[in-house]
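> Show me how the following folds:
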Amino acid sequence: MKKVIQKIEEEFVGRFGDEYKLIQSPGRVNLIGEHTDYNDGFVLPAAVEKSIVLAIHPNGTNVCHFYAADMEESYETDISGDIRKSDMGWPNYLLGVVDELRKHGYEVGGFDCVFGGNVPIGAGMSSSAALEGGVLFGLAELNGWDIPPVEMAKIAQKAENEFVGVQCGIMDQFASLNGKEGYALKLDCRSLDYEYFPFNRDDIQIVLCDTQVRRELASSEYNVRRQQCEQGVEILQQWDPEIESLRDVELSLLFQHEDDIDPTIFKRCKYVVEENKRVIQACNDLRQGAMDSFGQRMYQSHAGLRHEYEVSCEELDVLVDIARDLQGVFGARMMGGGFGGCTINLVREAYVDSFETQIQEKYQQKMDKQIKIYRTKVSSGTHLISDQKVTSS
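Predicted structure coming up:
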């Protein structure tokens, strides 16, 4: 990250002066727990070392000046009145945070911000959440606001929901803001209670294999899956009125009434109920250092996503099947909404080079196209790097 940090510092000093706060805000991966968030379930994300870096400082006016260093694009706007969306797209992630902070009663004045980083765009590592969390954290630092971690995640999520217009869950912002180096974060998506579980293995790399398949079906099918889960809850409430979501459903009750439920709805419910249990079991695996067992739960998760929730695709399935047969791989599964995107693989450090070579070759032979590969490790959440008046040498 040193080159990224130096680039951001130099750009800020060249444009706005040598006084600034420097913030690092990470991307995230989700180790296990897919499509459980909107069912009030559990997820197990982790912040990773690929991050966005922001230099930020108030300018004493009502005007915001933003510079996206990687895109070499500038944007400025007066925020003294209503904040309007930008046609450029990326400024809305910063403006949305300003807008949401004001709705929460915080007075935000004009500020200068330069940002850039190495979170891959479109690879499912939540670069947007990293940017939102980074500017939110930076503004809190500038103004001395003591915003609790859960509240900060809620503000960042609302900014994306209401200003940007993306109806994401809270996991991405929560993991980016509250990640902890050497730990995965188990989040209860109903209560927003969270707990850290050890993932401090220097001998394991997280390797993402990006199919580069555009997830064109993800949005529409996401809504369909959500409706199907809600239908399942309505049916099961006939036998247990206390059920509020699939989070409350036991497998025994589900199987007891299998004949009363549409087969497709049953499959969707079964996957979610089992995935919630897998997250809890996977946390126990981490506590005990049982990575082989953890990896098997990743394969089980993918099988459920493939056959029961039906949100995988051929490219993702091929990558998981290849990974299963490669030496040094603990586990693999699709990560994210599905219908494209990445697989996440846990690979022994000593085997990462051969893993990358072999999975690339075998995928090319099978699918006649290439993948992008990203290595990363669990890292800390959004934090202050420095508060200074001089640039790095």
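> Show me the shaky parts of the stretch 151-300 of the chain.
Applying pLDDT under 70 to the stretch 151-300 of the chain flags residues 215-219.
> how many neighbours does R214 have?
For R214, the count of nearby residues is 11 (other C-beta atoms under 10 Å). (Each C-beta comes from the backbone N, C-alpha and C, glycine too.)
> Within the helices and strands, which one has it?
Under the criterion DSSP states H and E, no helix or strand holds R214.
> Let me see the contact set for it.
R214 is in contact with G340, counting by C-beta atoms under 8 Å, 6 or more residues apart in numbering.
> Distance-wise, check it relative to F339.
Using C-beta to C-beta, to the nearest Å, R214 is found at 9 Å from F339.
> Check E162 too.
Counting by C-beta to C-beta - E162 and F339 are separated by 26 Å.
> what's the closest non-adjacent residue to G41?
Nearest non-adjacent residue to G41, counting by C-beta to C-beta, 6 or more residues apart in numbering: N276, 4.4 Å away.
> Of E162 and F339, which one has the most company?
Neighbour tally, E162 and F339, criterion other C-beta under 10 Å: the higher count belongs to F339, 23 against 14.
> From what I see, that one and T211 are in contact.
No - F339 is beyond contact range of T211, at 9.9 Å (criterion: C-beta atoms under 8 Å).
> Next, show the common contact partners of these two.
Joint contacts of F339 and T211 (C-beta under 8 Å, 6+ apart) are C313.
> what helix or strand is P26 on?
In this assignment (DSSP H and E), P26 forms part of strand 20-32.
> just the strands in the chain please.
In the chain, the strands defined using DSSP state E lie at 20-32, 42-58, 63-68, 73-78, 111-117, 183-188, 194-198, 204-210, 329-335, 342-348, 372-376, 383-388.
> Quick check: the gap between the residue nearest to A153 when sequence neighbours are not counted and T264.
Nearest residue to A153, sequence neighbours excluded (C-beta to C-beta, 6+ apart): F174, at 4.1 Å. In this view, F174 and T264 are 31 Å apart by C-beta to C-beta.
> Comparing these two, which shows the higher neighbour count?
Remark: of F174 and T264, F174 carries more neighbours, 30 against 13, as counted by other C-beta under 10 Å.
> wait, what's in contact with the more buried one?
P45, V150, A153, Q157, L185, L187, L192, Y194.
> Which strands and helices lie in contact with the biggest helix by length in the chain?
Using DSSP state H to define each element, the chain has its longest helix at helix 263-288. Judged by 3 or more C-beta pairs under 8 Å, 6 or more residues apart in numbering; DSSP states H and E, the packing partners of helix 263-288 are strand 20-32, strand 42-58, strand 183-188, strand 194-198, helix 218-236, helix 251-256, helix 291-307.
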